[in-house]
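1. Task: produce atomic coordinates for the following.
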Amino acid sequence: MGDINLLAVILAALAFFVVGMVWYGALFGKVWQREAGLSEEQMAGGNMPLIFGLCFLFELLIALTLGHQFARSDPSTLGIMMISTGYAIGLMIPATGINYLFQRRSGKLFAIDAGHFLFGMAAMGAVFVWFS
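-> Numbers count the residues shown, from 1 in each chain. Modelled structure (predicted):
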């Protein structure tokens with residue numbers, strides 16, 4: 001069992017955050033906004049420092065969980081990517097899907113958010129691979 005690499009944890013969270021910036025900005029920002037039912041006024045009225053700060057803290061928690069998993073199991077490069085994307089495919093995306101079913105959210109919104117989780121977790125995994 002090894003120690004958690006805190007630098008890798010921080011950089012992995014940052015990688016997920018950057019994926020989100022691109023994902024919900026240039027790639028799918030307007031479609032996501034429409035599917036989420038958010039007006040321009042609602043988007044402008046949010047406390048963005050708080051939203052971004054909490055988002056990064058949640059991503060840091062996810063990265064810390066991955067870092068702990070990797071420190072305990074010392075997986076191969078392939079194993080790191082399988083675990084990282086497996087968290088997205090096996091936990092995060094299904095949990096989102098369950099919520100969206102009961103909230104009557106669109107399949108398009110689900111696909112956008114599920115893709116964010118998958119690519120964000122792959123980015124986290126890539127950072128951990130880099131440090132392995």
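2. Read off the pLDDT value for Asp16.
-> Quick fix: residue 16 reads Phe, not Asp. The predicted structure scores Phe16 at 98 on the pLDDT scale.
3. what packs against the helix or strand hosting it?
-> Secondary-structure assignment from DSSP states H and E places Phe16 in helix 6-22. Using 3 or more Cβ pairs under 8 Å, 6 or more residues apart in numbering; DSSP states H and E as the contact definition, the elements that helix 6-22 packs against are helix 48-73, helix 107-131. Backbone N, C-alpha and C define where each C-beta goes, glycine included.
4. which parts of the shortest one are buried?
-> Think helix 107-131. 109-110, 112-125, 127-129 (16 or more other Cβ atoms under 10 Å).
5. How far does that helix sit from its chain's centre?
-> Taking the mean C-alpha point of helix 107-131 and that of its whole chain, the gap between them comes to 5 Å (Cα atoms, centre = their mean, to the nearest Å).
6. pull the helix or strand with minimum mean pLDDT from the protein.
-> For the chain, using mean pLDDT, DSSP states H and E, the weakest element among its helices and strands is helix 40-45, scoring a mean of 90.
7. got the contact list for that one?
-> Gln33 (Cβ atoms under 8 Å, 6 or more residues apart in numbering).
8. if we go to 6 Å?
-> Outside of helix 40-45, no residue comes within contact range by Cβ atoms under 6 Å, 6 or more residues apart in numbering.
9. what do you get for stretch 95-110?
-> Stretch 95-110 is contacted from outside by Glu35, Asp113, using Cβ under 6 Å, 6+ apart.
10. again with stretch 61-70
-> Under the criterion Cβ under 6 Å, 6+ apart, external residues in contact with stretch 61-70 comprise Ile4, Val9, Ala12, Ala13, Met124, Phe128.
11. next one: stretch 73-91
-> Under the criterion Cβ under 6 Å, 6+ apart, residues Phe117, Leu118, Met121, Ala122, Met124, Gly125, Phe128, Val129 lie in contact with stretch 73-91.
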